[in-house]
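Asks: Whatever this is, show me its structure:
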Amino acid sequence: MNQCTPFSAIVTARTRAGNTVTFDMAEDWQQGRTAYGGVVCAIAAQAMRDVAGANWSPNVSLRALQCSFVSVVAAGRVQVEVEVLRQGRNVCQVLARVMEGGRLGSVLLGVYSADRPSALTPRRPQRPAARLEADLLPSAPFMPGRMPPFLQHLEMRWSEGSAPFSGSPGDRSSIHLRLRDRDGDAIIPEVLTVLLADAPATPAVSELTGPTPSSSVTWNLDLRAPGRVDAQGWWRIDSQSLVVDGGYVNHWAQLWAPSGALAALGTQVVTVFA
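Replies: Numbers count the residues shown, from 1 in each chain. Model prediction:
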C-alpha cells in the first residue's frame with residue numbers, strides 16, 4: 001500500500017471553485033477502464049456536502065443517492081459540478097455531474113434531510129448473526145492483475161458465499177469489510193458508507209470460472225446515518241443477486257455499520273459481459 005493513494009488523501013486534496021469540486025483520481029482506484037463506482041459516488045457525495053451543505057445543521061444527513069453510470073471516469077483530474085434543485089423546509093435535493101476529460105461520467109441525485117417529529121414507533125432492523133465473525137476468518141488476498149486495483153484499499157473477509165469467478169454457483173454473499181486507510185477518521189460517515197456499499201461483486205458471478213468484466217448501470221442507495229463510526233471497525237455487507245437474465249443482474253445489498261446498525265440499503269442493475 002506504500003505507493004497507493006488512500007481515499008482520505010483524495011478527499012483532503014480536493015479543491016473548490018464555486019459550485020465545482022475537483023478531485024485527483026488515482027490509478028489504484030480503477031476498476032477496469034473506469035474508476036470504481038463506489039469511489040465515483042463517494043466523491044460526488046463529498047462535493048454535494050461541500051457545495052450545498054455548507055450552512056446545514058449537523059443533523060442533516062444523506063438519505064438517498066441515485067446514480068446513473070453514464071460513461072468512463074478515468075484516472076486524473078475529475079470535476080464534480082453541483083446544483084441545488086430544491087431546498088425545501090425539510091428536504092434538499094441536489095444534483096451532481098461527475099466530469100472527466102470534458103466527458104460526462106456519472107449523474108447523481110442526492111436527497112438530504114434532518115430527522116423530524118413522528119408519531120410512528122421507530123423500527124430498525126437488527127443485523128442478523130454472521131455465519132462466522134471477522135476475527136475467525138482470514139483476509140482475502142489482493143492479487144494484482146487478477147483483481148481490480150481498487151480492491152487493494154479494502155480488507156475483506158468472506159463469511160458466506162463463494163468467491164467471484166470460482167466456478168461455484170450461488171446468489172448470496174456476506175462479507176466483513178473495512179477500509180485500509182490509517183487516516184480514515186478524516187472521512188465523514190455518510191461518504192464512507194457510500195464508498196463501502198458498492199464494494200463486492202454481485203454474487204452471481206461466482207458461477208463463472210475466470211475473471212469477467214461487469215459494470216453497474218444504475219445504483220440506488222437508501223442511507224440511515226450511522227452516526228460516529230470507528231474507521232478501523234468491521235462493517236458487513238450482505239448481498240443477493242435477485243434476478244439473473246439477459247446479461248443483466250438485479251442486485252440487492254444491505255450494509256451494516258460496525259455498531260450493528262443498518263447503514264444503507266442498495267439496489268443495482270449490473271451488466272455482466274459473459
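
Asks: burial measure for the residue nearest to residue 184 when sequence neighbours are not counted, as a count.
Replies: What sits nearest to residue 184 in space, not counting adjacent residues and going by Cβ to Cβ, 6 or more residues apart in numbering, is residue 231, at 3.1 Å. Placement of C-beta: from N, CA and C, glycine included. A count of nearby residues for residue 231, using other Cβ atoms under 10 Å, gives 18.

Asks: does residue 231 really touch residue 187, like I thought?
Replies: Yes: contact criterion Cβ atoms under 8 Å: residue 231 and residue 187 qualify, at 7.0 Å.

Asks: Next, show the common contact partners of those two.
Replies: 179, 181 (Cβ atoms under 8 Å, 6 or more residues apart in numbering).

Asks: sorry, back to before: does the residue nearest to residue 184 lie in a helix or a strand, and which?
Replies: Residue 231 is part of no helix or strand when elements are defined by DSSP states H and E.

Asks: who touches it in this structure?
Replies: 179, 181, 184-185, 187, 192.

Asks: One more: residue 85?
Replies: 93-95, 109.

Asks: Looking at those residues, state which has the most neighbours.
Replies: Busiest of the contacts of residue 85 [other Cβ under 10 Å] is residue 94, holding 25 neighbours.

Asks: re earlier: looking at the contacts of residue 85, spot the one nearest residue 65.
Replies: Using Cβ to Cβ, residue 109 is the member of those that lies nearest residue 65, at 7.4 Å.

Asks: thinking residue 232 is in contact with residue 178, fair?
Replies: Yes: here residue 232 reaches residue 178: they are 6.4 Å apart, a contact under Cβ under 8 Å.

Asks: So between these two, which is more surrounded?
Replies: Neighbour comparison, residue 232 and residue 178: the larger count goes to residue 178, with 22 against 14 (by other Cβ under 10 Å).
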